[in-house]
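S.K.: curious how this folds, go ahead:
(chains A and B)
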Amino acid sequence: MSSYLEGDETFWGWIYTKDHKRIAILYLISITIFFFAGAVAATLFRLELLFPRGRFFTNDGYNNLFTVHGIMMVWFFLIPSIPAVLGNFVLPLMIGAPDLAFPRLNLASWYLFFLGGVLTLAASVFGNIDTGWTFYTPYSSTFSHPSIAFALLGILIAGFSSVFTGLNFIVTTHRLRAPGMTWFRLPLFVWAIYATSIILVIATPVLALVLLLVGVERLLGVGIFDPTLGGDPVLFQHLFWFYSHPAVYIMVLPAMGVVSEVITCFAKRQIFGYKLIAVSSLAIAGLGFLLWGHHMFVSGQSLYAGLAFSMLSFLIAIPSAIKVFNWTATLYKGQITLEAPMLYILGFIGLFIIGGLTGLFLASVSIDVQLHDTYFVVAHFHYIMVGGAVLTYFGGLHFWWPKMTGRIYPERPAQISAVLSFVGFNLTFFPQFILGFMGNPRRYHLYPEEFQWLHALSTGGAVILGIGYLLPFWYLLWSLKNGARAPANPWNAKGLEWTTSSPPPEHNFDSQPVVTEEAYAYP
Amino acid sequence: MNTWLTSGASSVAQQTEPLIAALIALAIFFVAVVYGAAVYLIFKYRAGSPAERGSVPTSSLTLEALWIGVPLILAVSIFVWSAKIFFGLFETVPGAREIHVVGKQWMWKIYYPDGRTDVNELHLEEGVPTVLTLSSEDVVHSFYMPEMRLKMDAVPGRYTRMSFVPKKHGDYHILCAQYCGTDHSRMVGTLHVMKGAEYAEWKAHGHDMALALKGAALFHEKGCEQCHTEGGKGPNLSQIYGRYQTLADGQVVLAEENFLRSALLDPGRSILQGYPNVMPSFKDQLSEEQILELIEFIKSLPADSGTAVHQEKVSELPREQTPEGNQLYVRCG
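M.R.: Numbering: from 1, shown residues only, chains lettered A, B, ... in the order given. All right, here's what the predicted structure looks like:
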């Protein structure tokens, strides 16, 4: 009985694969490359920020660094991470299906993603892209360097990959569930991916359109965003954030899905409030489309629009809070163990709650006036995206590593990495809340002297966080050759993916699974 | 930056600082509750511990209602508290001192109504209601005064504004807060909030012709009076600013700075009902500063005076001060 890793082991066997599991591995390798690109940029600018008047880089050099960091991390690491790696691998297994609904579309999705990523990375490294990942006009459409066109094209191409993947997941969830797998027996990870897919399909085309329009203005001189051509700069912001706000839910919803899977397994009990968590995922996806103007309270947007966006931004805190409370309640009367996946997930809860609460500061219109475009915002979104999404990506990777690779990773180094990541993360980003309150704007190469000690703390934390990220890179690779062979269910977890071998055969299951119990039916 | 939580340096700061304190308290409370509960539960229910397990609750209407209801009430309360403060930022205070701020890569140009200008410095008087009207000559910038707890984007092609009262004299930071290119982090300046006597002394020493007077001269030079006069093709401009106007297509708009600007640069869209669409556009013919001068001139016209008054204003000036002269005579505003 050969696994999906055996069979055609040639290069073309991987590059032309239609197997969702191999495609997940292709994504895993690609996003790791792009993650490193973004991380190198961050290392360089965190070092530079030790010096208030700069030291190694010109203003232009620094501006390029934070732009590359943002673009690579948002579009080529965070957005694909959990859906395209873990979702691709695990979703069909979780519902008892042999593959996704459209395997060729899945491969096309990866091709577009990789092509877009390479193009954008090349444009960033060889060109001069300094607009920030937000590309505000008219700076991006009129004033910045022409190489920006290649970055816009790369992101546009990768955007198609998002839409195809989302479509694939939605159809798969509707049509390929095993007999007995009703909607309310689905693992919560599937609900999370489903909600994420709705956003991927509806929001991403708006991004493609707005980037295209910037290109049209830039290359053809058609006035859309540049006031000297008769355009409106604030229109860009509306169109950009209409995608980019839901985009952050693309990043956090799958993470929340992973939390539900891991916490039930390592507390060995049924989740508290299954239906409420499932419905909250959909609520977050829906509400998430109505908040974009909270990025624009001081943009010249009207007072009343500001108030509406503020109120809605507060409302979305409710489903998120529900989930946090429900997960905590899931610990009650469990049989809790603290292997690495559980440590990562507990880290998520600890960091997500801080990120979410600081979101309330920003949702409050009059406080946002002070905090907008400062390090407070940078700290807030890193708490959710890094403290949240990245920690759970690592947690999920560890959790499903035995299933994906057939090997057990070494537990002690993994636990150490989880703790180092949590500590390093807090040391890196908590000082940035203070920097924001004190008035350090974002995207500042040079800053007032009195802030240096906070930047030094932050850079010190980044070193620890970096070690926390490098350790898994080393021991996970090590485990591929040297880790113990994994049984089908090393965690004694519930879930269909654990009923097949580790790693699974190409067709996933030897016989069609039939579902007869609820999700997380731990005794 | 003196203190990072309490500065009380502006009317807005004095209102937001208690709200911030409340939010911090709330955040600490919820973090403590969740962290505390998690740590307690993990310890008590660690695998193999003697704590009683038994049947495991999977839902509870009471608990779920509680943790939906309480956050909801808190969210709405914070929203309302914050919203009330926000209104103040946008309000029009009659008699407020109005100052124009124009951002440009990579500096801030300040235009006071009395004609004085500053670069990268803003002089305000303690206790006096102030309105800053902002715009940009190139890309989007953002005028940020951290100790005042204030910020507003400066957008090219339109005006934004913020209304506040500086409360504590001192020197403070001005920073650009919207990424605008190479020297974004060098687009900084100093805000001087001065007490009454000090301010009066500063004011007495800068010399330039008031913006409105420069605008009057420009109004004459550009030939505006040919239409905007008694019985002419254009409306009486003293009846315009600050009032609701009906456009040719029936729309009713408030004629404030943005409207006057669009009337100069894109008049076809701003023609008032009852007037022919014959006003030429002055796009590319007027600098940002000249647009501000014309706007200040129009704002300075006493209501119901008819724009014929400007001719008197211009002819009132000594000969050397009219544009025909070689230089504008400098008069203290």
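S.K.: how much space between residue A:308 and residue B:92?
M.R.: Relative to residue B:92, residue A:308 is positioned 22 Å away (Cβ to Cβ, to the nearest Å). For glycine as for every other residue, the C-beta is placed from the backbone atoms N, C-alpha and C.
S.K.: residue A:306 now?
M.R.: To residue B:92, residue A:306 is 17 Å away according to Cβ to Cβ.
S.K.: these two: who's more crowded?
M.R.: residue A:306 (24 against 12; other Cβ atoms under 10 Å in any protein chain shown).
S.K.: next to chain A, which bits of the stretch 101-250 of chain B? Give me the list.
M.R.: Selection of the stretch 101-250 of chain B residues close to chain A by Cβ under 8 Å from any Cβ of the partner chain yields B:105, B:138-140, B:142, B:144, B:146-147, B:149-153, B:155-158, B:160, B:173, B:175-186.
S.K.: which ones among these map onto strands?
M.R.: Judged by DSSP state E, these include B:142, B:144, B:150-153, B:160, B:173, B:175-176 as members of strands.
S.K.: quick check: residue B:164 touching residue B:15?
M.R.: No. Counting by Cβ atoms under 8 Å, residue B:164 sits too far from residue B:15 to count as a contact (10.0 Å).
S.K.: comparing the two, which shows the higher neighbour count?
M.R.: Comparing residue B:164 with residue B:15 by other Cβ under 10 Å, the one with more neighbours is residue B:164, at 25 against 20.
S.K.: and the more buried one, what does it touch?
M.R.: Neighbour list for residue B:164: B:10-12, B:88-89, B:129-130, B:148, B:150 [criterion: Cβ atoms under 8 Å, 6 or more residues apart in numbering or on different chains].
S.K.: so how far is chain A from it?
M.R.: As judged by Cβ to the nearest Cβ, to the nearest Å, residue B:164 and chain A stand 10 Å apart.
S.K.: that residue and residue B:96, how far apart?
M.R.: Relative to residue B:96, residue B:164 is positioned 9 Å away (Cβ to Cβ).
S.K.: who touches both of the two?
M.R.: Joint contacts of residue B:164 and residue B:96 (Cβ under 8 Å, 6+ apart) are B:129-130.
S.K.: anything in stretch A:184-201 near chain B?
M.R.: No. Stretch A:184-201 stays clear of chain B (Cβ under 8 Å from any Cβ), getting no nearer than 12.5 Å.
S.K.: which stretches in chain B count as strands?
M.R.: Counting by DSSP E, the strands of chain B are B:97-104, B:107-111, B:117-119, B:121-125, B:130-136, B:141-145, B:150-154, B:160-164, B:170-176, B:188-194, B:244-246, B:252-254.
S.K.: what pairs with the fourth one, parallel or antiparallel?
M.R.: Neighbouring strands of strand B:121-125 in its sheet, by DSSP bridges, are strand B:188-194 (parallel).
S.K.: low-confidence regions, the chain specifically.
M.R.: By default, I'm working from chain A. Chain A contains residues with pLDDT under 70 at A:1.
S.K.: correction: the question concerned chain B.
M.R.: For chain B, the ranges with pLDDT under 70 are B:1-4, B:206-207, B:304-333.
S.K.: and for it, the residue most distant from the center?
M.R.: What lies farthest from the middle of chain B is residue B:50; by Cα atoms, centre = their mean that is 63.9 Å.
S.K.: so that one versus residue B:192, what's the distance?
M.R.: With Cβ to Cβ as the criterion, residue B:50 and residue B:192 are 69 Å apart.
S.K.: how about residue B:143?
M.R.: Residue B:143 is 15 Å from residue B:192, by Cβ to Cβ.
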